[in-house]
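Q: prediction below, plus the sequence it came from.
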Amino acid sequence: MTVWKCIGALSVTNNLTAFSTPIFFSGDDELPHAQSVDENGNIKNMFPIPAGYLNTMKKLPCEKELTISVGGEEIFGFFIEPDCPFFGSGQDLEDFLLSNIEVIKQSPVAYLSAVRFLGLGVEDEIHAICEVGNLINNGYVRKAFISFEQFCVGKSEQTKNIESLIEQLSQSGNFATTHTIIEKLMNLQESFESRHFKQALRACLSNNQVHWIAGDADVKTFVNFIINNGRLKLTESARSTLFD
């Protein structure tokens, strides 16, 4: 096991990653490193960052020590390519991101990207937008930015209703309740946003009162709807949970 200290984030100017890449130092090595992750988000290795790239590094306001085992299953990378599958059972990449969200919040831009990448709720996104807006010194520009971004997010009654039902699905305590909630969600399928597909898939994977009856006609239809219409890529473990 090696202790790595997260000391900053490297801004990425292309679209190869979902958001900024965290930069680490270890106690034994003064060279800055980044994480290389596999398709499931597992850390494959830590590799040195070329000195020339450090000029674009944005410092985090605080430091965070993370104990990692390269190649192990108990820890995962912060950031992966957008087309990588990242949903899985157990402690997957999402669990790691969510459990470390306080660290990610230290970089408002990375936090907003993380919220959108994870498909978190509207309230979370609005909060993240305000945090990014606070980075803008010009008051007029700041107000215009926040107003426009929040307008784009929207906060309709339909959105709140869908998010409430998905939350109920994640906490469903029996199969009958699961079927009832899924029927209500399918009646609102035309109003699903990108975030709702991710939220719904997390609910299906986390609650055995959903995935244990994934073979039932209505549940199967719903699962296929959120995967296909949300264009979500699943890990083998997630696919096994839902379809085996």
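A: Okay, I see it.
Q: quick check: the gap between Glu123 and Lys233.
A: In this view, Glu123 and Lys233 are 27 Å apart by Cβ to Cβ, to the nearest Å. Using the backbone N, CA and C atoms, a C-beta is placed for each residue, glycine as well.
Q: ugh, wrong one, Gly119
A: The separation that Gly119 has from Lys233, given Cβ to Cβ, amounts to 14 Å.
Q: those two: which has the busier surroundings?
A: Gly119 (21 against 15; other Cβ atoms under 10 Å).
Q: contacting residues around that one?
A: 194-199 (Cβ atoms under 8 Å, 6 or more residues apart in numbering).
Q: out of these, which is most surrounded?
A: Neighbour-wise, the contacts of Gly119 (other Cβ under 10 Å) top out at Gln199, 25 neighbours.
Q: checking the closest residue to that one other than its chain neighbours next. Helix, strand or coil?
A: Distances taken as Cβ to Cβ, 6 or more residues apart in numbering put Ile166 closest to Gln199, at 4.7 Å, once the chain neighbours are dropped. State at Ile166, reduced to three classes by DSSP: H, G, I helix; E, B strand; the rest coil: helix.
Q: check Phe24 too.
A: strand.
Q: oh, and call the first residue 14 from now on, that's how I've got it
A: OK, 14 is where the count begins now, so the last one is Phe37.
Q: please report how far it lies from Arg208.
A: Using Cβ to Cβ, Phe37 is found at 30 Å from Arg208.
Q: just put the contacts of Gly132 in CSV and tack on pLDDT and secondary structure.
A: Shown next, in CSV, are these (pLDDT from 0 to 100; DSSP: H, G, I helix; E, B strand; the rest coil):
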residue, pLDDT, secondary structure
Ser207, 83, helix
Arg208, 86, helix
His209, 92, helix
Phe210, 92, helix
Lys211, 88, helix
Gln212, 91, helix
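Q: tell me the one of these nearest Pro45?
A: Lys211 (31.6 Å; Cβ to Cβ).
Q: the closest one contacts Gly134, correct?
A: No: the criterion here is Cβ atoms under 8 Å, and Lys211 misses it with Gly134 at 10.8 Å.
Q: any stretches of the chain with poor pLDDT?
A: 14-16, 19-35, 40-42, 49-57, 64-110, 112-113, 116-117, 119-120, 122-123 (pLDDT under 70).
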